[in-house]
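# Structural data only, the sequence is not supplied:
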C-alpha cells in the first residue's frame, strides 16, 4: 500500500472548489497553497467544437477590461459551481461543446470527451492552473516535453471536497475526469460538512456552512452525513449580503453626496477631457510635422468662420450610485457591460464589508430599523432573555439596546469618487439581520428568493427533459444507420451513470466494444444525455409520486430537491436536527459548527452600555466591538430561543474556528484527514477504478 502522509516525498493534494474561491494545497498544511477566485472571464464558443470556450479564461477583470483598453468584447463571467443547486453542474443552455464528435472516432482524445459540460471544463482548467502555475507541478515524458497536467512521477493523489447533496452521477463523472483526463494515481471524495467537523475535532455535529451563494445546514453523525436533514437557503449567502451593502451605499451616495458631489465630479471630468484633448492635439501636431498638410479653417454655409467650442462637462451624466474604481477613472464615467460592471460593484461592497464598515452582528433582540411599527418581533427576544436569566446571564432590554445603536457614533468612509459618507451602526446591523431577522421585510426577501430558486429549478428540469428527448431521437437515428456507438441494448445492460453493478458499469463505460484493442469512447452528446438522465430526478422540486395530498407525509430520502427552505439559519438548524432520528437530536444540537466565508462577520455592540442591559455588562456575549465570535454567539442564542420553547433541558453549543480560518474550515478538515496514516487505505486507486468502474465512489466515499 502506498502512503501519502506528511514527512514523505509524496504528499496528497486537497482541493475545494467553492462558489466564491478555489482552494488547493498539500495535505498537512495549515493553509492552501493556491487560492483564487472561482469566477473567471471567458469567451464562449459560438461554433460547435470540442471546447465550450473560444479563449482561455482570465481572472484579472475587476479593475480593468479583459479585451483591450476600453472594452470587454465577447467575454462573459463563468463559474463551475451552479448558484441555484450548489453542484458542479451546467444546464444544457450553458454548454456549447460539439455533439458531432463521432462515438467511433478512435483519434478523439479523452480530454475532448471530458469537456462536454462547461462546469467540468472549468474544473479541468482550474486544476491544471493550480498544478502548473501555483504548485509548480508538471508531467514530463520521455522526450523532455511538458504536458498540461500534474507531475505524476511523484504520484500525488487528490482529495476533492464536494457538497453533501451532490447526486451520485455527478460524483461518478468527476471521478472519471480525475482518472481519465488527469491520470491521477488515487482519488478520494470527501463531503465538505464532514471535513468541517474534522477541522474542529468533531465527528458528530450540525454544520452551518454560510457560503457565497447560500447557506447549507448538514447534520453529521459519527462521520456520516444524515442526508434526510440537509437544508439549503439561497437567500442567506455572502452575495446577498454584498447586494444589501450596495443598496445601503447607493442610498448614502444620494442622501449624503448631493449636489456637491455632482459638481466636483463634473469639474474632474472636465479636467480629464481637457487633458485628453491636449494629448490628441500634441499627437496631431507631431503627425503634421512629419507629414505637413494645409489646414483649412471650418466655415459655415454663409462662409463665416466657425469658432471651435471649448470642452463642457455639463453634458456628462453623473451616476447616482456607488461607482467602482475603474468607472471613477474614466473621463465620462461610462460603465462596462453588465456582468463586469455588477461584479466590480460587488467587489467594492465586499471590500467595505470585509473592513467591518458595511456589516455588523447586532445583539440578541435587535430589531431592524426597517421593521413595521407595531410589528411583534420581540417573542424570540423574550424567550432568549428568559433563558439567559435561567442560566445566570444578563437581562437584555432590546428597546434600550436599539436606542443606544441609534445614538452611537457613525463611521466615516471615503468612496472611490472622493465622497465622504458616514455609516451608522444601525445600517450595518440591518444588513446582517437578513440572517437572523424575523420581521416582514427580511422574511419576504427570503420567501422571494425561495420562489425564484424553485422557478429556476423547474426551468432546469424542462431544459434537461428537452435535451434528453433530443438525445434519444439522435440515438435512434444512429442505431438505424448501423453505427458502432452505444445501442439501446447496451445502455439497458449497463448505464454508466445508474446504480448498476460495478462490473456492469465498468464494462459499458466504453460503449462495450473494442476494435484493434482500442477503446471506443462515448461521444460528448451521449455522455451528457446519460448524465442529465441520472441527474434529472434530483432537479425536481416535488416527490417522484407527485405533490403531497393534504395531510400527507413526504419521505425526504426520495431523490428530488427537497433541500430548499426559506427559513433563517437558526430555524434551519432546528429543522435539520428534527428531521433526524430522535436518539441523534440531542447530540446534534450539542455541537453546532459554523464555517464559511459568509460567517466572517464581527460584532458591533460595543456602543451598548450597562444602562441598556439592566445592570449587566454585555448583550448576549456580543458587546465588544469587533468580536470574532459574534456570529456564532448570536446563532446560538437564536437556536436556544427556538429550542427552549418546548425542550428546556437541551443544551446548544456552537463551535467555530477563528475568523482567519473560518472561510477555509472545510479545506483544513480535508488537509487533516489526508495527512493521517490511518486514512491511506481509503483511497480509490487507479486499479480500483479499472476493476469496479466509477460507481465505486458511491461506496468508498459515502
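Yes, it's here. What you see is a predicted model; the values in this text were computed from it and never measured. Residues are numbered from 1 along each chain as shown.
# what are the ranges of the helices in the stretch 301-450 of the chain?
Here the stretch 301-450 of the chain has its helices, by DSSP state H, counting those that start in this stretch, at 325-329, 338-354, 379-390, 398-406, 425-436, 440-480.
# Of all those, which one is nearest residue 584?
When the helices of the stretch 301-450 of the chain are compared by Cβ to Cβ, helix 379-390 sits nearest residue 584, at 23.0 Å. Glycine gets a C-beta too; all of them are placed from N, C-alpha and C.
# coming back round to it: which stretch in the helices of the stretch 301-450 of the chain has the least confidence?
The weakest mean pLDDT among the helices of the stretch 301-450 of the chain belongs to helix 379-390, with a mean of 48.
# can you list the helices of the stretch 301-450 of the chain in CSV and add distance to residue 201 and mean neighbour count?
Output for the helices of the stretch 301-450 of the chain, formatted as CSV (distance: least, Cβ to Cβ, whole Å; neighbours: other Cβ atoms under 10 Å):
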stretch, distance to residue 201, mean neighbour count
helix 325-329, 42, 16
helix 338-354, 28, 19
helix 379-390, 27, 17
helix 398-406, 35, 18
helix 425-436, 26, 24
helix 440-480, 33, 15
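# quick one: residue 163 from residue 12, how far?
Residue 163 is 21 Å from residue 12, where distance means Cβ to Cβ, to the nearest Å.
# Next, the contact list for residue 123, please.
17, 80, 88, 174, 177 (Cβ atoms under 8 Å, 6 or more residues apart in numbering).
# Contacts only, for the third one.
When contacts are counted by Cβ under 8 Å, 6+ apart, residue 88 is found next to 17, 80-82, 119-120, 123, 162, 166, 170, 174.
# Keep only those of the residues you listed that are in helices.
Counting by DSSP state H, the contacts of residue 88 place 119-120, 123, 170, 174 in helices.
# Rebuild these as a markdown table, extending it with pLDDT and distance to residue 367.
Shown next, in a markdown table, are the ones in helices among the contacts of residue 88 (pLDDT from 0 to 100; distance: Cβ to Cβ, whole Å):
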| residue | pLDDT | distance to residue 367 |
| --- | --- | --- |
| 119 | 91 | 42 |
| 120 | 90 | 47 |
| 123 | 91 | 44 |
| 170 | 93 | 43 |
| 174 | 93 | 46 |
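# just those residues now: which is nearest residue 273?
residue 119 (44.5 Å).
# Identify the residues contacting the closest one.
Contacts of residue 119 by Cβ under 8 Å, 6+ apart are 80-82, 88-90, 94.
# so how far is residue 583 from it?
Distance from residue 119 to residue 583, by Cβ to Cβ: 39 Å.
# does residue 46 really touch residue 53, like I thought?
No - contact criterion Cβ atoms under 8 Å: residue 46 and residue 53 do not qualify, at 10.7 Å.
# So those two - more neighbours on which side?
Comparing residue 46 with residue 53 by other Cβ atoms under 10 Å, the one with more neighbours is residue 53, at 21 against 9.
# neighbours around the nearest residue to residue 414 once chain neighbours are set aside, how many?
Nearest residue to residue 414 in three dimensions, chain neighbours excluded: residue 420, at 5.5 Å (Cβ to Cβ, 6 or more residues apart in numbering). Using other Cβ under 10 Å, residue 420 is surrounded by 11 other residues.
# Next, the contact list for residue 420, please.
256, 412-414.
# Give the other helices and strands that the helix or strand containing residue 531 contacts.
According to DSSP states H and E, residue 531 maps onto helix 524-539. Contacts defined by 3 or more Cβ pairs under 8 Å, 6 or more residues apart in numbering; DSSP states H and E place helix 524-539 against helix 110-113, helix 168-176, helix 440-480.
# ok, residue 668 - contacts?
Residue 668 makes contacts with 30, 195, 199, 657, 661, as judged by Cβ under 8 Å, 6+ apart.
# gap between residue 683 and residue 156?
From residue 683 to residue 156 the distance is 12 Å (Cβ to Cβ).
# cool, and residue 130?
12 Å.
# which SS class is the residue nearest to residue 454 when sequence neighbours are not counted?
In space, residue 454 comes closest to residue 541 once its chain neighbours are excluded; the distance is 5.4 Å by Cβ to Cβ, 6+ apart. Following DSSP: H, G, I helix; E, B strand; the rest coil, residue 541 is assigned to coil.
# if we can go back for a sec, which residues does the very next helix or strand once past the helix holding residue 531 contact?
The helix or strand immediately downstream of helix 524-539 is helix 569-578, counting by DSSP H and E. Applying Cβ under 8 Å, 6+ apart, the contact partners of helix 569-578 are 206, 208, 210, 215, 217-219, 229-231, 233, 236, 435-436, 565, 567, 584-585, 588-589, 592, 635, 638-639, 641-643.
# Give the buried residues for the helix or strand just after helix 569-578.
On the C-terminal side of helix 569-578, the closest following helix or strand by DSSP H and E is helix 582-590. Applying a neighbour-count criterion of 16 or more other Cβ atoms under 10 Å, one finds 584-585, 587-589 buried in helix 582-590.
# Show me what helix 582-590 is packed up against.
Partner elements for helix 582-590 (3+ Cβ pairs under 8 Å, 6+ apart): strand 205-210, strand 215-221, helix 569-578.
# what sits up against it?
204-206, 219, 221, 226, 573, 576-578, 580, 639, 643, 650-653.
# Got a ChimeraX select line for the buried ones in the residues you listed?
Applied in ChimeraX, the following selects the buried portion of these according to 16+ other Cβ under 10 Å:
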select :204,205,206,219,221,226,573,576,577,580,639,643,652
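# pLDDT weak spots in this structure?
Scanning the chain for pLDDT under 70 picks out the ranges 1-10, 48-50, 97-115, 138-155, 288-315, 371-404, 473-523, 544-558, 605-625.
# Centroid-nearest residue for it?
Centroid-nearest residue in the chain: residue 19, 1.8 Å away (criterion: Cα atoms, centre = their mean).
# That one and residue 577, how far apart?
Counting by Cβ to Cβ - residue 19 and residue 577 are separated by 25 Å.
# Could you do residue 341 as well?
Counting by Cβ to Cβ - residue 341 and residue 577 are separated by 42 Å.
# Regarding residue 28, what is its secondary structure?
Under the three-state scheme (three-state DSSP), residue 28 adopts coil.
# coming back round to it: going through the contacts of residue 123, which ones are buried?
For the contacts of residue 123, buried by 16+ other Cβ under 10 Å: 17, 80, 88, 174, 177.
# Who are the contact partners of the first one?
The contact partners of residue 17, by Cβ under 8 Å, 6+ apart, come to 38, 80-81, 88, 123, 126, 160-161.
# Within its local environment, how many residues does residue 280 see?
10.
# Does it lie in a helix or a strand, and which?
Counting by DSSP H and E, residue 280 is part of helix 258-290.
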